[in-house]
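>>> Next input, structure requested:
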Amino acid sequence: MDNQQSTILSVDSVNISRFFNNGSQESMVDSVVVESPVEIYVKYGPIEDRKIKKIAMIMRSPGEDLALAVGFLFTAGIIHRRDDILPTQKTTYFQKIQLVELAYHFNPIFPKDDRIFIVNAACGVCGAPNTEALQGNIPYPSWGKSKIVKREIIFGLVNKTKALQPLFNKTGGSHAVCWFNNAGELLQVAEDIGRHNALDKVLGHALLKDKNIRMEGFLFFSGRAGFEMLQKAARAGINLVVAIGAPSSLAIEIAEENDITLVGFTNNNSFNVYTHDHRIQ
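Model (predicted):
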């Protein structure tokens, strides 16, 4: 599914009344971002004894559900590489269930007590039972530690990414995550009502394309950089994150511990670097 199809699925029209300060009122049609649930299931086990298990219920913007599911399974620590899922996967268009078929040889480790992840648009880690589970398993070191990104590329991101957010441009209600190489060339973009969903979609696309997820380059967030976003970035081995908004204290801590250069409050004239500023020239 391309970005245009995904945007169409994620936009709805509603009748509204607009009130003006001069006392007038106008009836009009407005575009709003769609928020609806998708249930993530996995099929697993040897070929002669396959089982199906529900993993999560995610409030998301429809579209790119296969990438969302694969990215979520990856950042939740249930799968680790492309070989953990079967080569052929199907997207369930217009449905509220997405099935991911795990490889026959792969023995997944599921959350204890059959816990189901419940993920809403505001929180990407709401299903975690404690802080240890939040930190998760981050087995991958950051890639390309010596790579440098020129500051001019970062200064240009705000204007460059405006055209990459058709869902936001229509509704004003979504977040975007973009993956660029170090030269500032776009590799992948995704939008969603939940910023963590947008990131999972980007990671899912990367994992579906590559045998082992090796995300050289950097990530751009259209909003703030919270803990769960940095945890997911660290899981993918990303070493540079650029955000339009502010980072949280815990996001800074995760960036420091995992050798991630964290940039916030990015605009055309300035940006703040909170950790490992040696990657920016």
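>>> now the helices for the stretch 101-250 of the chain?
For the stretch 101-250 of the chain, the helices defined by DSSP state H, counting those that start in this stretch occupy 131-135, 151-155, 157-162, 166-171, 195-209, 227-235, 249-257.
>>> how about the ones you listed, which one is nearest His276?
Set against His276 and scored by Cβ to Cβ, the helices of the stretch 101-250 of the chain come closest in helix 249-257, at 7.3 Å. Any C-beta I mention is one placed from the backbone N, CA and C, and that applies to glycine too.
>>> Which strands and helices lie in contact with the closest one?
helix 227-235, strand 261-264, strand 272-275 (3 or more Cβ pairs under 8 Å, 6 or more residues apart in numbering; DSSP states H and E).
>>> weakest of the ones you listed in terms of mean pLDDT?
Ranked by mean pLDDT, the helices and strands packed on helix 249-257 bottom out at helix 227-235, which scores a mean of 94.
>>> residues contacting Asp65?
Asp65 makes contact with 38, 91-92, 98 under the criterion Cβ atoms under 8 Å, 6 or more residues apart in numbering.
>>> which sections of the stretch 1-150 of the chain are below the confidence cut-off?
Counting by pLDDT under 70, the low-confidence segments of the stretch 1-150 of the chain come to 1-4, 113-115, 121-146.
>>> Now, of the contacts of Asp65, which are buried?
38, 98 (16 or more other Cβ atoms under 10 Å).
>>> List just the nearest of the contacts of Asp65 to Ile58.
Comparing the contacts of Asp65 against Ile58 with Cβ to Cβ places Val38 closest, at 5.5 Å.
>>> which residue packs closest to the residue nearest in space to the middle of the chain, ignoring adjacent ones?
Relative to the mean C-alpha position of the chain, the nearest C-alpha, by Cα atoms, centre = their mean, is the one of Leu199, at 1.1 Å. Using Cβ to Cβ, 6 or more residues apart in numbering and skipping residues adjacent in sequence, the residue nearest Leu199 is Val177, 4.6 Å away.
>>> is that neighbour in a bridge, and if so with what?
Beta-bridge pairing for Val177 (DSSP bridges): Ala190, Phe221.
>>> start at 118 instead
Shifting the count to begin at 118 puts that one at Val294.
>>> how many neighbours does it have?
Neighbour count of Val294, defined by other Cβ atoms under 10 Å: 28.
>>> That one and Lys318 touch, don't they?
Yes: counting by Cβ atoms under 8 Å, Val294 does reach Lys318; the two are 7.5 Å apart.
>>> what sits in contact with each of the two?
Joint contacts of Val294 and Lys318 (Cβ under 8 Å, 6+ apart) are Ala307.
>>> Quickly list the domain ranges of the chain.
With domains defined by automatic domain parsing, the chain comprises 153-251, 268-396.
>>> What about Ser123? Give its phi and psi, please.
As for Ser123, its main-chain torsions (degrees, to the nearest 10) stand at phi -60, psi -40.
>>> and the closest residue to it other than its chain neighbours, what does it touch?
Counting by Cβ to Cβ, 6+ apart, Gly180 is the residue found nearest to Ser123 once chain neighbours are left out, at 3.1 Å. Counting by Cβ under 8 Å, 6+ apart, Gly180 touches 118, 122-124, 126-127.
>>> so which of these comes closest to His322?
Using Cβ to Cβ, Met118 is the member of the contacts of Gly180 that sits closest to His322, with 10.5 Å.
>>> what ranges do the strands span in the chain?
128-136, 142-150, 153-161, 168-177, 214-218, 234-236, 292-297, 303-309, 335-338, 357-360, 378-381, 389-392 (DSSP state E).
>>> centre of the chain versus the longest one, how much separation?
The reference is to strand 168-177. Centre-to-centre, strand 168-177 and its host chain are 17 Å apart (Cα atoms, centre = their mean, to the nearest Å).
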